[in-house]
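Trainee: What follows is a predicted protein model with its sequence.
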Amino acid sequence: MLMISPKMASGMQEKQYTPSLLSFFIYNPTFGPREGEEEKKILFYHPSDVEKNEKIRNVGLCEAIVQFTRTFCPTKPAKSLHTQKNRQFFFEPEENFWMVMVVRNPMIEKPNKDGKPPTVEYQEEEMLDTVYGAVVRQCYSMYKLFNGTFSRAMQAGGVELLMQKLEKFFYRYLQTLHLQSCDLLDVFGGISFFPLDKMTYLKIQSFVNRVEESLSLIKYTAFLYNDQLIWSGLEQDDMRILYKYLTTSLFPRHSEPELAGRDSPMRPEVAGNLLHYGRFLTGPTNLKDPEAKFRFPKIFVSAEDGYEELHLIVYKAMSAAACFMISASVELTREFCEQLDSLVGPQLTLLASDICEQFTINRRISGPEKEPHFKFIYFNHMNLAEKSTIHMRKTASVCLTSVHPDLMKILGDINCDFARVDEDEEIIVKAMTDYWVVGKKSDQRELYVILNQKNANLIEVNEEVKRLCATQFNNIFFLD
Amino acid sequence: MAEEHYLELSENPVQFEHASSVNNVFFDEANKQVFAVRSGGATGVVVKGPDDKSSVAFRMDDKGEVKCIKFSIGNKILAVQRTSKSVDFINFIPDYPHTEFSQECKTKNASILGFCWTNWNEVVFITDQGIEFYQVFPDKRSLKLLKSQSINVNWYQYCPETAVILLSTTVQGNILQPFAFRNGTMSKMSKFEIELPVVPKPAKLSLSERDIAMATIYGQLYVMYLKHHSRTANSPSAEVVLYHLSREGSCKKSHVLKLNTTGKFALNIVDNLVVVHHQSSQTSLIFDIKLKEPDCALNIHQPVLPARSIHPYRIPLSGPAAVPSQPPVPCQLYSSSWSVFQPDIIISASEGYLWYLQVKLPPTVNLLQDKGKLMDFLLRRRECKMVILSVCSQILEVGEKGSLPVVATVFDKLNQVYKDYLEAEQSYTQAMESGPSRGSAAQKRPVRTQAVIDQSDMYTHVLSSFTERKGVSHKFIIAVLMEYIRSLNQFQITVQHYLYELVIKTLVQHNLFYMLHQFLQYHVLSDSKPLACLLLSLESTYPPAHQLSLDMLKRLSTANDEIIEVLLSKQQVLGALRFIRSVGGHDNASARKFLDAAQQTGDQMLFYTVFRSFQQRNQRLRGSPAFNPGEHCEEHVAHFKQLFGEQALMKPSTV
């Protein structure tokens, strides 16, 4: 499947094409070492309708490049290959398993007079390795979240099972990749935390503890509000990918009924006359349905000894969502789901309205939001907290940004610079069109600010950023 | 079966010579004294009070059978009633004439039902035709009538605590008229009617004085009416009806205590609990009028606990007759020879004992399953602290499914009381600080009762041992600690840092660093220097603790020195320098400290930069780049010269 989203460029009759996925494949060179057996190496290939020999050729090429570059630096294999038309990203998530993503460079098509074919200009420098490298790693993490490692499938059912799983997972997953809107946030893979006062936070703690105590099957709980995380009983890295799944896939899919939200009638059938808005986002859509199946998606998270497999129950009431994770060895029954529904539903509904109330109070205190003349992205490597005033609300299909892609590219570049050194630093860039871009790195934190101030000089910009830090980040230690 | 007797007789009873044909025994509720009068006093009167000071022995002339005998308050004057017409008085004040003097009641043809002392020199005669209020002049050996009121009286009751006399009037006796006495004044309070279960025809005296008692409960005066069951009326079992007698207002029926049985009863008040003794079953019930019954109509109370008998009591044999091997004799409880007096006195005249009734709290713990109700009950008792703490330990020990909501309820109840005390204390301090109060009633310092269970109590007696107990899941431990912190926050009580340390310790022990991180992120564990230092110490096992600690120090805004130390120890010399500049501490910074750190990094350029920075500061402050001798930087100056040469030193500007 080729995704091309043409965009009209200004003035002239140019056509601009954003980066798009050309192919994506997974192979293991040890599976077909002999000549004539090359096809066995290929575990997954997208698009699937490519001719067999071409698949083999492409895989062989990648193998050769990785092998060849290894001679220069055995510890750090090649990560990407830049060509005029496209860019290839290599990733070895598990020993000898290689994932390769080939992305077509963004390009501009200029029409020619006299009926000549249009000239195509590839913008090979517009793509950032860090961004798409992160996308490939995310692909693997997402596969692993729902399937466990590649070697786990190998142990369970050999190559055949692995291929089945890869086919099943990536066939759908690749359709949800939106390469044209990938940016710095994909590099961070951060978590947006919901700002909350201490008392409400403690109430949520209390809720989680009580539910875990009375439904002792529940091993871990995560709590989100407005698609932002409040509490995670999972470890950070697992939460990171689960958060990605919830916010970019599961929640958007259920957002339509949610929009109707408050106007929809309460469910009157709940025991104890406690009306609530609770419902399952995974598993049964209607508990009363006699045909209802009590099957939940399974996820794999890290445990002390390798990995553990869990049922993922996502339960939502208004804007509050609770994820309950239960060992996959337990079979979940109708009774359990009913018990959970009747216990969690009313409490979660109450909490959701508490949080909502608290949130509006806090908003009122902080006063009406003026349109600030700056935008920023903040990321803390320590707790993966991210905050962006550049990005609009994420939807299922696209991640909208409110600034020009050129500026996003600058942010990405600054981030690459930061990654190269360990020390704290600050980079100030004057972009075209009167924008200033400032990147700050302090300990584990990174802050990127885009200022739109005409005729500002370096000192003024520096002062402005200091002011911003003092108001927005006054409760953390940020070196000037 | 566990110990279940929640009532007991005091261990050291007041002993007196038991009643006999030659020895009459009297009890004075006002002074709580027992009088043993032998042969009308001729062979001796022995007075035993609650303590030795109030015990007296004397002789008086036998002038006929003694009907009633009482000391005035403070044992100043003794009053003896021998006839129905008069009361005799004897001075017990040293240097005052000792001979008896007498006072007849003023009302003609009235007979004296009894008398009460309302002060050391004020006495009230109650006759069948009214009351007479006298002041006694011991020096003159005479009395002066202060006030009198005529009214037909069947019988009377006296509450010495509040100096209120209650008269039974009318033919049926169920119209009660209270009078209050205070500093020589007598005030008539509004009368009220006791609803009788059956109205007799023809009218006759239907309210017995045995069925009425007065006592103060939770600081309020109540008239308690023991309403027996009646076959005709629709009352299958007896009940106690409480009438609240307020000083100013009227008397209102306020509480009904359901006894759920019939028979002979007696009432006591112990620790603000109404104790109802039931003779035939030899058990007692207790009621707490502040305990709300959720499933009952307003102010109808069921017993707090199932009926149990008073703890068995053995009379220790004492005196020369006692043989060590002889076991103490069991005492017959609920004996028909017992007399019960308010508030908490039980007297066995035939055996010569006076006991105080006491409530034992530990057995109540197992009898009251509803822990929330149990807490409500315990928090209102006098000696409750250790019992409450043991209940807390107990509910944490069981760790049953669904015990967290119970734990939360208990914490909330404790903290409500704790908060009330803190607030009272605070407003008292404020009142004291704002100078002498303008109002006449100076604010009293709030009394810290045992029910105030603070964080250190919880920590010492419950939480610290709980977190160390083996076999308890860490999930439960953390849930309990968080629940306690939540409850404290809910009541806006500042959480002590040792509770946070307990949380952190538990989390660290189980490698739950990410949880800790999240708690800190939401400021659940409030900032403090000790906490920041604790975090710093965790850095080796959990690197992000470094950032968390620095953030916390920054927020404290009083810990800039600590931040500098942390940065320097991390060899972030430039960072430290920039930070101290940003907070305006550069001028007073110790150059030596920074130069030491810079030298240690081995980075020559860094050392150069830091050195120059301080030279510039010196120049700005003192007009010379040189370091003061007090700064002890000679060594660094030498090092600088060695590295970069003499000429690199900044020269004093010659402007």
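Mentor: On my side now, so go ahead. Since this is a predicted model, take the numbers as computed values, not measurements.

Trainee: Tell me, how many residues neighbour residue B:629?
Mentor: By the measure other CB atoms under 10 Å in any protein chain shown, the count of residues near residue B:629 is 8. Every C-beta, even on glycine, is put in place using the N, C-alpha and C of the backbone.

Trainee: Next: the one 10 residues further on.
Mentor: Using other CB under 10 Å, the number of residues around residue B:639 comes to 17.

Trainee: CA atoms only: put the host helix or strand of it into PDB for me.
Mentor: Secondary structure from DSSP states H and E places residue B:639 in helix B:634-644. In PDB, the C-alpha atoms belonging to helix B:634-644 read as follows (Å, rounded to 0.1, in the frame of the first residue of the first chain):
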ATOM      1  CA  GLU B 634      46.400  30.900  48.500                       C
ATOM      2  CA  GLU B 635      46.800  27.300  47.500                       C
ATOM      3  CA  HIS B 636      44.500  27.900  44.500                       C
ATOM      4  CA  VAL B 637      46.300  31.100  43.500                       C
ATOM      5  CA  ALA B 638      49.500  29.100  43.500                       C
ATOM      6  CA  HIS B 639      47.900  26.400  41.400                       C
ATOM      7  CA  PHE B 640      46.700  28.900  38.900                       C
ATOM      8  CA  LYS B 641      50.100  30.500  38.600                       C
ATOM      9  CA  GLN B 642      51.700  27.100  38.100                       C
ATOM     10  CA  LEU B 643      49.200  26.200  35.400                       C
ATOM     11  CA  PHE B 644      48.900  29.500  33.500                       C
END
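
Trainee: Now that helix: buried residues?
Mentor: Neighbour-count burial for helix B:634-644 flags B:636, B:639-640 (criterion: 16 or more other CB atoms under 10 Å in any protein chain shown).

Trainee: so can I have a markdown table of those showing pLDDT and distance to residue B:91?
Mentor: Formatted as a markdown table, those follow (pLDDT from 0 to 100; distance: CB to CB, whole Å):
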| residue | pLDDT | distance to residue B:91 |
| --- | --- | --- |
| B:636 | 87 | 94 |
| B:639 | 88 | 99 |
| B:640 | 87 | 100 |
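
Trainee: Longest helix in chain A, by number of residues?
Mentor: helix A:334-365 (DSSP state H).

Trainee: which strands and helices sit next to it?
Mentor: helix A:198-214, strand A:306-317, strand A:320-327 (3 or more CB pairs under 8 Å, 6 or more residues apart in numbering or on different chains; DSSP states H and E).

Trainee: Now with 10 Å, please.
Mentor: helix A:198-214, strand A:218-225, strand A:279-280, strand A:306-317, strand A:320-327 (3 or more CB pairs under 10 Å, 6 or more residues apart in numbering or on different chains; DSSP states H and E).

Trainee: name the helices or strands packed onto the helix or strand just after that helix?
Mentor: Per DSSP H and E, the first helix or strand lying C-terminal to helix A:334-365 is strand A:374-380. Packing partners of strand A:374-380 (3+ CB pairs under 10 Å, 6+ apart): helix A:184-188, strand A:385-388, helix A:405-420, strand A:435-442, strand A:445-452, helix A:458-472.

Trainee: ok, residue B:285 to residue B:144 distance?
Mentor: 47 Å (CB to CB, to the nearest Å).

Trainee: can I see the domain layout of chain B?
Mentor: Following the TED database, chain B resolves into domains at B:1-12+B:207-312+B:334-359, B:16-191, B:367-429+B:447-494, B:556-654.

Trainee: I'd like these written out as a markdown table, with distance to chain A added.
Mentor: A markdown table is the format used below for those (distance: least, CB to the nearest CB, whole Å):
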| stretch | distance to chain A |
| --- | --- |
| domain B:1-12+B:207-312+B:334-359 | 16 |
| domain B:16-191 | 44 |
| domain B:367-429+B:447-494 | 4 |
| domain B:556-654 | 5 |
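
Trainee: between residue B:285 and residue B:144, who's got more neighbours?
Mentor: residue B:285 (26 against 11).

Trainee: so what's residue 90 up against?
Mentor: This is for chain A. A:62-63, A:65-66, A:69, A:77-81, A:98-101, A:133, A:136 (CB atoms under 10 Å, 6 or more residues apart in numbering or on different chains).

Trainee: The intended chain is chain B.
Mentor: So residue B:90 contacts B:41, B:58, B:60-61, B:71, B:77-80, B:96-101, B:138, B:141 (CB under 10 Å, 6+ apart).

Trainee: Just give me the neighbour total for residue A:253.
Mentor: The burial count for residue A:253: 10, using other CB under 10 Å.

Trainee: just checking, it touches residue A:247?
Mentor: No - using CB atoms under 10 Å, residue A:253 makes no contact with residue A:247, being 11.2 Å away.

Trainee: quick one: contacts for residue A:407?
Mentor: With CB under 10 Å, 6+ apart, residue A:407 has these contacts: A:375, A:390, A:401, A:429, A:431-433, A:435, A:437, A:448, A:450, A:452.
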